[in-house]
Each structure stands twice: as C-alpha cells, then as structure tokens.
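J.: Model the structure of this input:
(one chain, ligands or ions: 1)
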Amino acid sequence: MSKLFNLRSFWYSLSSNQRFFIRRLYYLPKDTLDSIMGKRHKYVPPRGYIYTGSPASAENYLKQGQHQLQMLQKYANLQPKHSVLDIGSGIGRTAIALTDYINNSGSYEGFDVVERGVQWCNARIHKEHPNFNFKYVPLFNDLYNTATLKATEFIFPYVDNSIDVAFSFSVFTHMQIEEIQHYFNQIYRVLKPGGVCFSTFFLYDEGSEAFISTKKDFSFPVKRDGFRLMNENVKSGNIAIDKKKLSKMLITENFELVTIIDGFWKDDVRDTAKAEYQDMMVFQKV
Ligand SMILES: C[S@@+](CC[C@H](N)C(=O)[O-])C[C@H]1O[C@@H](n2cnc3c(N)ncnc32)[C@H](O)[C@@H]1O
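T.: Below you'll find the model as predicted:
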C-alpha cells in the first residue's frame, strides 16, 4: 500500500465534522491571504469550505465550473432555455457557471445532503438569481454526514416530466449501488420525454478490473457484485461500477444509453486528449 493510500484511509476514518474542521484549519492561512489580496469572488467559498473535492483558488474554482458547463453543452446539448436539475449541487461549482448561461425561460434546481453547502449557495447564488433554487435534504451518506433518512426512499421534490437536463458531477461516485438505482428511477420520472441525464462515474470492464483493483494511489480493492469499493468501512468513499452492470441498471428504468466518454482516471499514462478525470455518461428518457 502506498503512503497516499494510507493517508486516504486515515482521512476516511475521521468523522465528516472532523474532516470539515481539519480542512478549514489547513487552508486558513491561504484563505486569509486571498482575502487580504482581494482574490476572493462573491460566489466562491474559501478553500477551507470546499468539502467537495480538491479545494481551489477562486480563479480555478470558476474555471472548473466553466469546464463542467462546456461538458454539458457538448454532451447533453444543454441550452440556455432549459430547466436543469443539479443532483448533488455541492457548494455551487456548476451553478456559478450556469448563472451566466441559463436565461429567464430556463430554471435551475439543485439539491444536496450537506447543509452548509446548500446554505452557502442560497445565501450567495439564490439571493442574486431567484430562479436558482437549492434544497437541503437530510439523507445519510457515510462520507459526508450523519443524517438518518435513506437515499433509497427519497422522492425527488420535482414534478414529473419537468426537467430538460439532469446532471450529477462526481455524485454517483459517492453513493451506494441501491441508492444509484433509485436515483435513476427518480431521474426518469422528473425528466421530460426526450430529456437527458449527464453523470460522471468510475467505470470499468473485464479489461480494466484487475488494474483498478490494485492501481497505485487510487484503487478499488473491495469486490462486490458488479461494483468495487475503495474502502470497506466508508462505502460512499468511492465506488467504481462495471459498465455492464450500469447498463442493466439503466435498462431497468427504461433509459436509453446515449454515450460513454472515458475519463483519464484509469490511464496508466494520462491520455491528454481526454477532457475529464471521471468517465462521463449520457442517458435519455425516450
Ligand atoms: C464530490 S462532491 C461534487 C459536488 C458537485 N456536484 C460539484 O461538482 O462540485 C459530491 C456531492 O454529492 C453529494 N451527495 C452525496 N450523496 C448524495 C445524495 N444521496 N443525494 C444528493 N447529493 C448527494 C455530497 O454532499 C457532495 O456535495
């Protein structure tokens, strides 16, 4: 096991509150310096608040959001007039980019299981863009919170056939398999006929399974039926799913698979032609 893997295991062994606290403390000097140097942006949280991945400077956080928007335009044919649903809206990374894109005919709905992320988005983004709505839903996720409600029983609070484009960036990489199946069911219900969902995953097939189970620094050693976990104790830590299993899960909900675009997470040597770290998938309600 590499040093980095041990560090990840240690990180996973902490409670979500401990992780928030350590991150805040670790980035406090940089965050303070950013404030002094005027490098903050009104919509971008300080690095220590960014619990959703690698904390970045305001400039880079905005760039990441722009990149997500480009992916949605390119692969999900996102249009300014669309009504969109951001599943696992986090702390507003994609929403910020969309505020300059979605017009008054369109709308944005996002929800997440971490209250402080949703509070940030409502205080900063919703306040200035009333057609951007963020909801906190207290669903349990063993990486992010200690809530009690089950994601497998969550009925999305949106009406049937109302969404043009649903999307989730790096969310189905942090949920359990039954939860993902249930979310597919809910996405199907709320999408308009012809509507699409764009989601990122860690995907593997027979050719790559052995490699990802032992891959240096980022591996999925725990084998389950059609999926693999990074850590036995934190089941939502990271999940990789067999492409065949995922196709079956989509078929169960009547979805049609439009495309899979491989990311570079499982490259031995990074293929720079690939635009995203995670694998991207687009599926449609026909
Ligand atoms: C890696 S972060 C990505 C956040 C955001 N999509 C982005 O790109 O910045 C994963 C997010 O999924 C959220 N999440 C985890 N389980 C969830 C669930 N059952 N329903 C909705 N969101 C969930 C987490 O709280 C976290 O905000």
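
J.: Show the end-to-end separation of stretch 129-148, please.
T.: 31 Å (Cα to Cα, to the nearest Å).

J.: Now the top helix by length along the chain - C-alpha only, CSV.
T.: If you go by DSSP state H, the chain has its longest helix at helix 16-36. The C-alpha coordinates for helix 16-36 follow below in CSV (Å, rounded to 0.1, in the frame of the first residue of the first chain):
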residue,chain,number,x,y,z
SER,A,16,-17.4,14.2,8.4
ASN,A,17,-17.3,17.0,11.0
GLN,A,18,-13.6,16.3,11.8
ARG,A,19,-12.8,16.4,8.1
PHE,A,20,-14.5,19.8,7.8
PHE,A,21,-12.7,21.2,10.8
ILE,A,22,-9.2,20.0,9.6
ARG,A,23,-9.7,21.3,6.1
ARG,A,24,-10.8,24.7,7.4
LEU,A,25,-7.8,24.9,9.6
TYR,A,26,-5.3,23.7,7.0
TYR,A,27,-6.4,26.2,4.4
LEU,A,28,-6.9,29.1,6.8
PRO,A,29,-3.5,30.8,6.0
LYS,A,30,-4.2,30.7,2.3
ASP,A,31,-7.8,31.8,2.7
THR,A,32,-6.7,34.7,4.9
LEU,A,33,-4.1,35.7,2.3
ASP,A,34,-6.6,35.5,-0.5
SER,A,35,-8.9,37.9,1.4
ILE,A,36,-6.1,40.4,2.1
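
J.: now what about it, what contacts it?
T.: Residues from elsewhere that reach helix 16-36, judged by Cβ atoms under 8 Å, 6 or more residues apart in numbering: 11, 14, 39-40, 46-51, 55, 57-58, 116, 143-146. Heads up, the C-betas are built off the backbone N, CA and C, glycines and all.

J.: try stretch 182-189
T.: 85, 87, 151-156, 160, 166, 172, 175, 197, 249-250, 252-255, 285.

J.: Check those one by one and keep those near the ligand.
T.: I87, A151, M175 (Cβ under 6 Å from any ligand atom).

J.: shouldn't the last one be in contact with A151?
T.: Yes - with contacts counted by Cβ atoms under 8 Å, M175 reaches A151, the gap being 6.6 Å.

J.: okay, the two: which has more neighbours?
T.: M175 (24 against 20; other Cβ atoms under 10 Å).

J.: ok, the closest residue to that one other than its chain neighbours to H174 distance?
T.: Nearest non-adjacent residue to M175, counting by Cβ to Cβ, 6 or more residues apart in numbering: S236, 5.9 Å away. S236 is 5 Å from H174, where distance means Cβ to Cβ, to the nearest Å.
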